[in-house]
Each structure stands twice: as C-alpha cells, then as structure tokens.
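Undergrad: Got a sequence here, can you build the structure:
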Amino acid sequence: MFNRATTPTPPEQGKIWSLFADGASSSEGSGAGLRLVNPGGHEFTYAIKLDFKSTNNEVEYEAFLAGLRIAKKLGVKHLEARVDSMLIAGQINGNYDAKNDVMASYLSQAKDLICQFSSFKVVHIRRSENKSADALSKLG
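TA: Take a look at the predicted model:
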C-alpha cells in the first residue's frame, strides 16, 4: 500500500472503490480501458483512444493515470487499483525501479495523484481477471 508520510487510518469496510485499468498498443493504435466500481457495485466504464505512438508500458501507465484522475474527479477517497501490469504494480509498491526518464516521469505523476487519496493500494492481478478493462482498451 502506498501511503503518505503518515499512515492514514484504514477506511471503513465498504467505502473502497476498485479501479481496473489496462492499456493496449498495436500497429492500429493505442487505447486505454477502465472500470471504476463504487462500494455499492455500480460500474463506470471508459474506453479511451490515445493519439500518439507509445510502448505497451507507456499505454499501461496512461490507462492507470487516467483511472486515477477520473477517480479523483468523482470524489473517491479510498481506492484499490487492480492492474495486470507487473511493472506498474512493482514500481508503485517500490519493488521495481523506473529505469528510464519516461518511466520515471510516469511513476512521478502516479505518486502525485496517489497522494491525493486518503488511502490507496495497488494489486497485481492476472490478465484473466482484467478481461473487461482489456476489452475496453481495444475499443479505444
């Protein structure tokens, strides 16, 4: 769990939103797919087309950042992100270093956004657990 300098009080059960994010990059273009699920189970889905050339890791980060921004705009306070990108989960959790300037920039942007939540956790999930966000990323 990524926390600010002080550890926030754990959120009350039932107040945590879930974010599922995935990115897809191909010769035909790139897209991001997002599912935000509120504590009541209502889903907000997004398919975003990216209009620039990017690597798979960059597209994964673009999807993740878009999800964080949308969650903030919706007023989410407690968020658990579920991503199938081991790189993102590893970098956010401090297990992986950002090896180049581009990844360092994405990581910095993510940390800036994460600090705006009262509580945040990122979990690496299998690709099979992220099929909806994956399908949405391909629509974008």
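
Undergrad: Could you list every helix and strand in contact with the biggest helix by length in the chain?
TA: Looking across the chain with DSSP state H, the single longest helix is helix 56-73. Under the contact definition 3 or more C-beta pairs under 8 Å, 6 or more residues apart in numbering; DSSP states H and E, helix 56-73 sits against strand 17-26, strand 29-37, strand 43-50, strand 78-83, helix 86-92, helix 101-114, helix 131-139. All C-beta spots, glycine's among them, are computed from the backbone N, C-alpha and C.

Undergrad: ok, 7 Å please
TA: The elements that helix 56-73 packs onto, with contact taken as 3 or more C-beta pairs under 7 Å, 6 or more residues apart in numbering; DSSP states H and E, are strand 17-26, strand 29-37, strand 43-50, strand 78-83, helix 86-92, helix 101-114.

Undergrad: Let me know which of these is the nearest to Asn56.
TA: Shortest distance between Asn56 and the helices and strands packed on helix 56-73, using C-beta to C-beta, is found for strand 17-26: 5.0 Å.

Undergrad: got the contact list for the closest one?
TA: 30-39, 54-56, 59-60, 62-64, 67, 71, 76, 78-84, 130, 132-134, 137-138 (C-beta atoms under 7 Å, 6 or more residues apart in numbering).

Undergrad: Show the buried residues in those.
TA: Neighbour-count burial (16 or more other C-beta atoms under 10 Å) applied to the contacts of strand 17-26 gives 30-37, 54, 59-60, 62-64, 67, 71, 76, 78-84, 130, 133-134, 137.

Undergrad: Pick out the residue nearest the middle of this structure.
TA: With distances taken as C-alpha atoms, centre = their mean, Phe64 lies nearest the centre of the chain, 2.8 Å away.

Undergrad: Fine by me, we can end here.
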